[in-house]
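> mind looking at a prediction? Sequence and model below.
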Amino acid sequence: MADDLRALEDWAGALLNQLQPKERRQVTQDIARDLRRSQQKRIATQRNPDGTPFAPRKPRQPLRAKAGRIKQRKMFAKLRTARYLRLQSDASSIAIGFAGRVSRLARVHQYGLRDKPGRNSPDIQYQRRELLGFSADELDMVRDKLVEHLVR
């Protein structure tokens with residue numbers, strides 16, 4: 001995967017250097033928006049970049065009886081919104097990442113680190129759930145967007 005990304009970076013860098021700064025900024029913004037949408041969709045489907053499903057949550061202890069029970073929703077529902085999943089692009093780079101306090105939570109899940117879920121709770125080892133990363137489809141999308149822009 002890293003070799004594919006390096007090859008794409010070398011190929012795209014040479015093409016982007018031939019464009020004017022304004023055109024480069026436009027194409028990087030388009031690519032960044034599409035990458036963020038793709039990442040948001042992948043997080044919503046609970047999949048890692050390689051296509052494997054996220055590690056499931058640990059089963060909860062029964063907190064309440066049937067009336068007034070706590071529902072388990074999909075993980076990272078708020079994290080994938082544009083408010084937290086920020087993009088930053090200019091004529092020479094694209095950056096997509098989490099902003100604010102949620103970046104710590106995202107990092108813990110991205111790399112499978114240990115963390116305390118609450119103030120007085122013990123450390124817990126979290127399963128690895130890759131929130132950000134490039135899938136083969138996303139690399140193809142970046143390549144297609146560059147070619148599409150250069151053909152125009």
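It's in. None of the values given here were measured: they were computed from a predicted structure. Residues are numbered from 1 along each chain as shown.
> just the residues contacting the host helix or strand of V142, thanks.
Taking DSSP states H and E as the criterion, V142 maps to helix 136-151. Here helix 136-151 makes contact (Cβ atoms under 8 Å, 6 or more residues apart in numbering) with 4-5, 8, 11-12, 15-16, 23, 26-27, 30-31, 34-35, 38, 49. From N, CA and C alone the C-beta is placed, and that goes for glycine too.
> which residues in the protein form helices?
2-17, 21-44, 102-111, 136-151 (DSSP state H).
> report the angle between the shortest one and helix 21-44.
Angle of helix 102-111 versus helix 21-44, following axes from the mean of the first three to the mean of the last three Cα atoms, to 10 degrees, is 70 degrees.
> pull out the buried positions in helix 102-111.
Neighbour counts over helix 102-111 (16 or more other Cβ atoms under 10 Å) mark L105, A106, V108, H109, Q110 as buried.
> and that helix, average pLDDT?
Averaged across helix 102-111, the pLDDT comes to 94.
> count the residues that sit near the nearest residue to Q26 once chain neighbours are set aside.
Among residues not flanking Q26 along the chain, H149 sits closest, at 7.8 Å (Cβ to Cβ, 6 or more residues apart in numbering). Using other Cβ atoms under 10 Å, H149 is surrounded by 18 other residues.
> how far away is H149 from G133?
Using Cβ to Cβ, to the nearest Å, H149 is found at 24 Å from G133.
> ditto for L79
Plainly put, L79 is 15 Å away from G133 if you go by Cβ to Cβ.
> G133 touches R47, doesn't it?
No - with contact defined as Cβ atoms under 8 Å, G133 does not reach R47; the gap is 10.3 Å.
> quick check: phi and psi at F54.
According to degrees, to the nearest 10, the main-chain angles of F54 amount to phi -60, psi 150.
> can you check the pLDDT for it?
On pLDDT, F54 comes in at 94.
> tally of neighbours for it?
19.
> buried set for the helix or strand bottoming out on mean pLDDT in the chain?
Lowest on mean pLDDT, DSSP states H and E among the helices and strands of the chain sits helix 2-17, with a mean of 73. Along helix 2-17, these residues count as buried under the neighbour rule (16+ other Cβ under 10 Å): L8, A12, L16.
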